[in-house]
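J.: Predicted model and sequence below, questions to follow.
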Amino acid sequence: MKPAPFEYHAPADAKEAVQLLAGLGDGAKLIAGGQSLVPLLALRLASFEHLIDLRKVSGLRGIEDRAGSLPGALGSEGAGSKGVGFGQTVWIGAGSTEAAIGRSPAVAAKVPLLARATPLIGHFQIRNRGTIGGSLAHADAAAEYPAVALALDAVIETLSPRGQRAIPAAEFFTGIWSTALEPDELLTGVTFRAPGGRAGFAVEEFARRPGDFAVAGAAIAIELDADPGGGADGRDAQVSRCAIGLFGLGTTPLRASAAEASVAGRAAGDLTAVAFGREIGQAAMADLDSVPSDLHGPAAYRKRVGAALVAAAWRRAIEEAITGAQGEEAAGG
Amino acid sequence: MADIGIGVRVNGRLRRASVEARLTLVDFLRERCQLTGTHVGCEHGVCGACTVLLKYPDDADESGPGLPGGEAVRSCLVFAVQADGAEVTTIEGVNAGGPAPGSGELSAVQAAFRDHHALQCGFCTPGFVISATAFLAEHPDPTDEQIRDALSGNLCRCTGYQGILAAVRAAADGIVTATQEAKQTKEPR
């Protein structure tokens, strides 16, 4: 037995879980799929007096198509104020496994970026246990789901003894393995907005071996204004929203805000050249100031890889936004 | 830290035990159930040697015909207490549904491993066989690329992967052939 001893709790509902969490204090830790936590315990990089298992907590699993706005109205810091407006959303329970998300037709149709990022997480045996809530709460800067949540402006729902909150992804990731979650707060679900019209999505990462954490990665979402002429060609449509999420390139997942702003309002057809892809790749790396250096690669190398990945993801995303289909699928896995 | 009573159905047989919460499922299987076919390698989820099938009663059964149900998981990353109430299939029970467990007869995947020289020292083999079994249950007609991706979570340090890939390819082709034959005999001419 490798992990240090701990007391095990398996509450049946979310209220009981947060009450336990509040009552037990610092020595308590939530465990969902355990695919990041158990290695930390086994290597004794972490130890806790109490583990609160979410496996039996009802209402944490499931994927639901929901009409209506993002759940900003739920809490004080809602994303509703950002003018996201009404539309279709997909709610994913925090305890949903990455395997379930990867198999979901609703996710594939409505949140394609999340679906495309899923096969890049670990291996299928890991995805059978790992959950979206666990991935977001663990907040590894090199993980896929946090960067995707950031790029899609997902809203993260939580529960504590004080009630529910809805936290925009932009405010959620606060530092190395740190989030806006309070010590007695449980992540219960994530809501993603489905794109309304023409849109393109692509994720690219580079890892030494498939399944490893990425040396660098990029998740790109592009939405275009409705074509005023109503024609089949999206080349004249303007970029209404562009998000470039980066992972493995800082202490948290990041957005390349300056690069995003540089394409806002531009005609999509002007942004398809290979040279433009390179340009936006460079632009996305320009403001990074805390790129990690470790034995997998120094910061300068990660930035070169990051620029190339942004360029590759950009070309696929913009092509899909214009034509509704991507060219050659990048090799997954 | 009081011990916790659990009941896990392992290869069809209910095993009750009182365990420490920190006991991993792989240690439970090896030390408490004396099922030492599941191997302990890295003990932090990288090597895949400890892969077993795990199935909770509320999971949908997505397994194909003749293959044991359950999802492939790293049993070093699951605590035994988390498997309370679940069904576990290890290498010792992977031929269930066909030949009787312990009979020495092999499942289709196991037989393909033997036929294609997919093992040498055998340390990684139980993990590979379980991973391949779960993968083929969900993807009965895979591409070579899908097979490579599915096996990327298991490490082999001596045989080399070519024999393993060939074995899984052959097992997949056997499943497709068997399904087609079954269809042909069922359908009236």
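T.: Perfect, thanks for sending it.

J.: drop to CA atoms for contacts and neighbour counts, all remaining ones
T.: OK.

J.: In terms of secondary structure, what does the helix or strand bottoming out on mean pLDDT in chain A contact?
T.: Among the helices and strands of chain A, strand A:63-67 carries the lowest confidence by mean pLDDT, DSSP states H and E, at a mean of 89. Strand A:63-67 sits against strand A:88-93, helix A:105-110, with contacts defined as 3 or more Cα pairs under 8 Å, 6 or more residues apart in numbering or on different chains; DSSP states H and E.

J.: which residues sit against that strand?
T.: Applying Cα atoms under 8 Å, 6 or more residues apart in numbering or on different chains, the contact partners of strand A:63-67 are A:Phe86, A:Gly87, A:Gln88, A:Thr89, A:Val90, A:Trp91, A:Ile92, A:Gly93, A:Ser96, A:Ile101, A:Ser104, A:Ala106.

J.: So which of the helices and strands packed on strand A:63-67 is the most surrounded?
T.: The highest average neighbour count among the helices and strands packed on strand A:63-67, using mean count of other Cα atoms under 10 Å in any protein chain shown, belongs to strand A:88-93 at a mean of 22.

J.: Past the host helix or strand of A:Ala243, which element shows up next along the chain?
T.: Assigned by DSSP states H and E, A:Ala243 belongs to strand A:239-247. Sequence order places strand A:254-255 as the next helix or strand after strand A:239-247, per DSSP H and E.

J.: Neighbouring strands of that next one in the sheet, and parallel or not?
T.: Partners of strand A:254-255 in the sheet, by DSSP bridges, are strand A:239-247 (antiparallel).

J.: tell me the SS of the residue nearest in space to the middle of chain B?
T.: Residue closest to the average C-alpha location in chain B (Cα atoms, centre = their mean): B:Ile130, at 2.3 Å. At B:Ile130 the chain is in helix, as set by DSSP: H, G, I helix; E, B strand; the rest coil.

J.: B:Ala49 versus that one, what's the distance?
T.: Remark: distance between B:Ile130 and B:Ala49 (Cα to Cα, to the nearest Å) = 9 Å.

J.: for B:Phe135, same thing?
T.: Applying Cα to Cα, the value for B:Phe135 to B:Ala49 is 16 Å.

J.: What is the burial count for B:Glu157?
T.: For residue B:157 the amino acid is Arg, not Glu. By the criterion of other Cα atoms under 10 Å in any protein chain shown, B:Arg157 has 10 neighbours.

J.: Quickly note the distance from it to A:Trp177.
T.: 33 Å.

J.: What of A:Phe6?
T.: Look at A:Phe6 and A:Trp177: by Cα to Cα, they are 22 Å apart.

J.: cool, A:Ala243 as well?
T.: Distance, A:Ala243 to A:Trp177, by Cα to Cα: 22 Å.

J.: which of these two has more neighbours?
T.: Neighbour count, other Cα under 10 Å: between A:Ala243 and A:Trp177, A:Ala243 has more, with 22 against 14.

J.: who does the more buried one bridge with?
T.: A:Ala221.

J.: any idea of the pLDDT on it?
T.: If you check A:Ala243, the pLDDT there is 98.

J.: my guess is it contacts A:Ala261, does it?
T.: No - applying Cα atoms under 8 Å as the test, A:Ala243 and A:Ala261 come out as separate, 9.1 Å apart.

J.: The lowest-mean-pLDDT helix or strand in chain B: which residues count as buried?
T.: Within chain B, no helix or strand scores below helix B:161-186, which has a mean of 84 by mean pLDDT, DSSP H and E. When burial is assessed from 16 or more other Cα atoms under 10 Å in any protein chain shown, helix B:161-186 yields the following buried residues: B:161, B:163-172, B:174-175.

J.: any idea which of the residues you listed is closest to chain A?
T.: Ranked by distance to chain A (Cα to the nearest Cα), the buried residues of helix B:161-186 are led by B:Tyr161 at 14.9 Å.

J.: Quick one: low-confidence residue ranges for chain A.
T.: Chain A contains residues with pLDDT under 70 at A:1, A:68-86, A:227-232, A:327-333.

J.: if you set the cut-off to 80 instead, what comes out?
T.: Per-residue confidence for chain A (pLDDT under 80) gives these ranges: A:1, A:67-87, A:226-233, A:326-333.

J.: go on, chain B?
T.: Filtered on pLDDT under 80, chain B yields the residue ranges B:1, B:58-69, B:96-104, B:175-189.

J.: per-domain residue ranges of it.
T.: B:4-93, B:108-186 (automatic domain parsing).

J.: Likewise for chain A?
T.: Taken from automatic domain parsing, chain A resolves into A:7-53, A:63-193, A:199-323.

J.: Give the buried residues for the helix or strand where A:Arg302 lies.
T.: For A:Arg302, the element it lies in under DSSP H and E is helix A:299-323. Buried residues in helix A:299-323, counted by 16+ other Cα under 10 Å: A:299, A:302-303, A:305-323.

J.: Who are the packing partners of that helix?
T.: By 3+ Cα pairs under 8 Å, 6+ apart, helix A:299-323 packs against strand A:199-206, strand A:216-224, helix A:274-286.

J.: and the residue nearest to the centre of chain B, how far is that from B:Gly7?
T.: In terms of Cα to Cα, B:Ile130 sits 22 Å off from B:Gly7.

J.: A:Glu171 too?
T.: Applying Cα to Cα to A:Glu171 and B:Gly7 gives a distance of 43 Å.

J.: So which of the two has more stuff around it?
T.: Neighbour comparison, A:Glu171 and B:Gly7: the larger count goes to B:Gly7, with 17 against 14 (by other Cα under 10 Å).

J.: Where do the helices of the stretch 1-150 of chain A begin and end?
T.: Using DSSP state H, counting those that start in this stretch, the helices of the stretch 1-150 of chain A run over A:14-24, A:37-42, A:98-103, A:105-110, A:112-117, A:124-127, A:132-138, A:144-151.

J.: hey, which of those is tucked in deepest?
T.: Neighbour counts (mean count of other Cα under 10 Å) averaged over each of the helices of the stretch 1-150 of chain A peak at helix A:144-151, with a mean of 28.

J.: Heading C-terminal from that one, find the next helix or strand.
T.: Next along the chain from helix A:144-151, counting by DSSP H and E, comes strand A:155-160.

J.: so what strands line up beside that next one?
T.: Under the criterion DSSP bridges, strand A:155-160 sits next to strand A:163-168 (antiparallel), strand A:186-193 (antiparallel) in its sheet.

J.: re earlier: which residues are in contact with each of B:Ile130 and B:Ala49?
T.: Both B:Ile130 and B:Ala49 lack any common contact, where contact means Cα under 8 Å, 6+ apart.

J.: Isn't B:Tyr56 up against B:Gly85?
T.: Yes - with contacts counted by Cα under 8 Å, B:Tyr56 reaches B:Gly85, the gap being 7.0 Å.

J.: ok, how many other residues are close to the spatially closest residue to A:Gln125 that is not a sequence neighbour?
T.: Leaving aside its chain neighbours, A:Gln125 sits nearest to B:Val73 (4.8 Å; criterion: Cα to Cα, 6 or more residues apart in numbering or on different chains). B:Val73 has 28 neighbours, counted by other Cα under 10 Å.

J.: Show the contacting residues for B:Val73.
T.: Applying Cα under 8 Å, 6+ apart to B:Val73 gives the contacts A:Gln125, A:Ile126, A:Asn128, A:Arg129, B:Thr51, B:Val52, B:Leu53, B:Leu54.

J.: Can you tell me how far B:Ala17 is from B:Ile6?
T.: In terms of Cα to Cα, B:Ala17 sits 6 Å off from B:Ile6.

J.: hmm, I was thinking of A:Asp294
T.: Going from A:Asp294 to B:Ile6 by Cα to Cα gives 43 Å.

J.: and these two? which has more neighbours close in?
T.: For the pair A:Asp294 and B:Ile6, the greater number of neighbours falls to B:Ile6 (17 against 10), based on other Cα under 10 Å.

J.: Tell me the strands beside the strand or helix carrying the more buried one, with direction?
T.: Per DSSP H and E: B:Ile6 is located in strand B:4-10. The strands beside strand B:4-10 in its sheet (DSSP bridges) come out as strand B:13-19 (antiparallel), strand B:87-89 (parallel).
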